[in-house]
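Visitor: pasting the sequence and the predicted model now:
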Amino acid sequence: MKCLRCGYCCIHYCVVIVDDPEKGLREDNVLFHGTSEVPEKCKHLLGDKPGEYSCALHDKKWYKRTPCFAHGQIEEHKDDPCRMGDYILNKKG
């Protein structure tokens, strides 16, 4: 799935994230993000506009082992655009 950088997943989804990037991915350095009913963006989400968000952790060598990297949808091809991102950026009024 190709992320369209809408930010929805990093603001609204309950996910496990790395707390301190300098410590890396380890059991005592993860926390559950999104436990409240009020949306709060992931602390590693950069930017402030749908379509322009990015993740501060994508370049870390351990990122490919995180739940965020594993996130996807049922798609036919890995380069298919994210359906949620397409909806947020193009169809929501």
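Guide: Structure received.
Visitor: tally of neighbours for residue 53?
Guide: When counting by other C-beta atoms under 10 Å, one arrives at 22 neighbours for residue 53. For glycine as for every other residue, the C-beta is placed from the backbone atoms N, C-alpha and C.
Visitor: quick check, it in contact with residue 10.
Guide: Yes. With contact defined as C-beta atoms under 8 Å, residue 53 reaches residue 10; the gap is 6.8 Å.
Visitor: what touches both of these two?
Guide: Both residue 53 and residue 10 are contacted by residue 45, under the criterion C-beta atoms under 8 Å, 6 or more residues apart in numbering.
Visitor: quick one: the helices in this structure?
Guide: Using DSSP state H, the helices of the chain run over 8-12, 67-70, 83-86.
Visitor: state the mean pLDDT of the longest one.
Guide: Average pLDDT, helix 8-12: 92.
Visitor: who does that helix touch, helix- and strand-wise?
Guide: helix 83-86 (3 or more C-beta pairs under 8 Å, 6 or more residues apart in numbering; DSSP states H and E).
Visitor: equivalent analysis for the last one, please.
Guide: Under the contact criterion of 3+ C-beta pairs under 8 Å, 6+ apart, helix 83-86 touches helix 8-12.
Visitor: please spell out which residues along the helix it packs on are buried.
Guide: Buried residues in helix 8-12, counting neighbours by 16 or more other C-beta atoms under 10 Å, are found at 8-11.
Visitor: Serialize those residues to a markdown table and add fields for distance to residue 82.
Guide: Listed next are the buried residues of helix 8-12 as a markdown table, based on distance: C-beta to C-beta, whole Å:
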| residue | distance to residue 82 |
| --- | --- |
| 8 | 9 |
| 9 | 8 |
| 10 | 12 |
| 11 | 14 |
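Visitor: list just the nearest of those residues to residue 24.
Guide: Checking these against residue 24 by C-beta to C-beta gives residue 10 as the nearest, at 19.6 Å.
Visitor: give the contact list for the closest one.
Guide: Applying C-beta under 8 Å, 6+ apart, we find residue 10 in contact with 41-42, 44-45, 53, 55, 68.
Visitor: pick the one among those residues closest to residue 86.
Guide: Distances from residue 86 to the contacts of residue 10, taken as C-beta to C-beta, are shortest for residue 53 (14.8 Å).
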